[in-house]
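**Q** for reference, the sequence and a predicted model appear below.
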Amino acid sequence: MLRRIIMLSFILFIFNQSASADTGVELFLANVNIQDAKTQYGGGCSVMTGIGQDLWILVRGTYTVYYDERTVWDTKYDITYSHFTCLAGIEYEPPVDTFVKYRLHWRNTVCMGFSSTEVEVDNGEKHSSAGDSGFAYAVNTGLGYDYSQLIQFFAEAGWHQSLYNGELNNSDIFGFQFFAGVRFAFSGNRRNFNVY
């Protein structure tokens with residue numbers, strides 16, 4: 001999976017030959033509600049390239065986990081829920097004049113791709129797991145604040161859903177998600193930064 005992320009990232013940067021185009025990476029913390037797989041915490045990374053003043057192409061990977069401990073008939077069970085997504089999509093930042101003077105951007109992201117969810121149960125003597133992988137999509141909206149021409153802090157909230165056909169076919173793997181992080185630009189300049 002890591003090779004796929006690296007390969008997709010490399011392809012994005014190959015297509016971006018213009019020195020004036022925006023390219024960058026995001027690092028973020030994630031809080032993801034996954035219904036049957038609990039509310040999980042983790043983080044992720046996105047790589048992106050600008051294809052216009054207000055439009056980005058991005059590849060986003062997110063990994064979240066939740067640990068639980070239960071005791072049944074004097075036997076302690078450690079339960080681990082984990083969820084991984086690798087999504088590609090677009091981000092649109094419509095120009096809103098009111099936001100520009102405060103260095104704010106309204107971020108809207110639509111992505112689709114791959115997800116994998118797993119539940120592991122261990123009682124010290126026996127280890128069992130159930131998992132599935134398949135198609136996923138996510139829709140987010142939020143705000144970004146331009147700290148400088150190369151750094152933007154952001155917060156996004158949205159909806160995600162994973163569609164499985166195997167072991168987790170009848171499980172509800174969807175819910176709300178929240179990301180907070182920072183975007184680092186490698187090249188290009190943030191729109192209208194000279195008006196601040």
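**A** Arrived safely, thanks for sending. In this text, all values refer to a predicted model and were calculated from it rather than measured experimentally. Numbering: from 1, shown residues only.

**Q** Asp36: neighbouring residues, count only.
**A** The local packing of Asp36 (other Cβ atoms under 10 Å) involves 14 other residues. (Each C-beta comes from the backbone N, C-alpha and C, glycine too.)

**Q** my bad, should have said Pro95
**A** 12.

**Q** next one: phi and psi at it?
**A** phi -70, psi 120 (degrees, to the nearest 10).

**Q** what about the spatially closest residue to it that is not a sequence neighbour, distance to Glu93?
**A** The shortest distance from Pro95 to any non-neighbouring residue, by Cβ to Cβ, 6 or more residues apart in numbering, is to Asp54 (6.2 Å). Applying Cβ to Cβ, to the nearest Å, one obtains 5 Å for the distance of Asp54 from Glu93.

**Q** can you show me the strands along the protein?
**A** Along the chain, counting by DSSP state E, strands occupy 23-33, 39-50, 55-72, 75-92, 104-122, 127-146, 151-163, 174-187.

**Q** those strands: which one's closest to Thr98?
**A** When those are ranked by distance to Thr98, counting by Cβ to Cβ, first place goes to strand 104-122 at 8.4 Å.

**Q** re earlier: look at the residue nearest to Pro95 and report its pLDDT.
**A** The predicted structure scores Asp54 at 84 on the pLDDT scale.

**Q** who has more neighbours, Asp54 and Glu93?
**A** Between Asp54 and Glu93, counted using other Cβ under 10 Å, Glu93 has the larger neighbour count: 21 against 15.

**Q** wait, what's in contact with the more buried one?
**A** Applying Cβ atoms under 8 Å, 6 or more residues apart in numbering, we find Glu93 in contact with Asp54, Leu55, Trp56, His105, Trp106, Arg107, Asn108, Gly144, Arg191.

**Q** check contacts around the first one.
**A** Taking Cβ under 8 Å, 6+ apart, we find Asp54 in contact with Tyr92, Glu93, Pro94, Pro95, Arg191.

**Q** give me the phi and psi for it.
**A** Main-chain dihedrals, Asp54, degrees, to the nearest 10: phi -120, psi 10.

**Q** now it: how far from Thr62?
**A** To Thr62, Asp54 is 24 Å away according to Cβ to Cβ.

**Q** try the fourth one
**A** In this structure, His105 and Thr62 are 21 Å apart, going by Cβ to Cβ.

**Q** again with the third one
**A** Look at Trp56 and Thr62: by Cβ to Cβ, they are 17 Å apart.

**Q** thought Gly113 was touching Ala88?
**A** Yes - in this structure, Gly113 is within contact of Ala88 by Cβ atoms under 8 Å, at 5.3 Å.

**Q** and the closest residue to Trp159 other than its chain neighbours, how far is that from Arg107?
**A** By the measure of Cβ to Cβ, 6+ apart, the closest residue to Trp159 outside its immediate chain neighbours is Val139, 5.4 Å from it. Using Cβ to Cβ, we find Val139 at a distance of 12 Å from Arg107.
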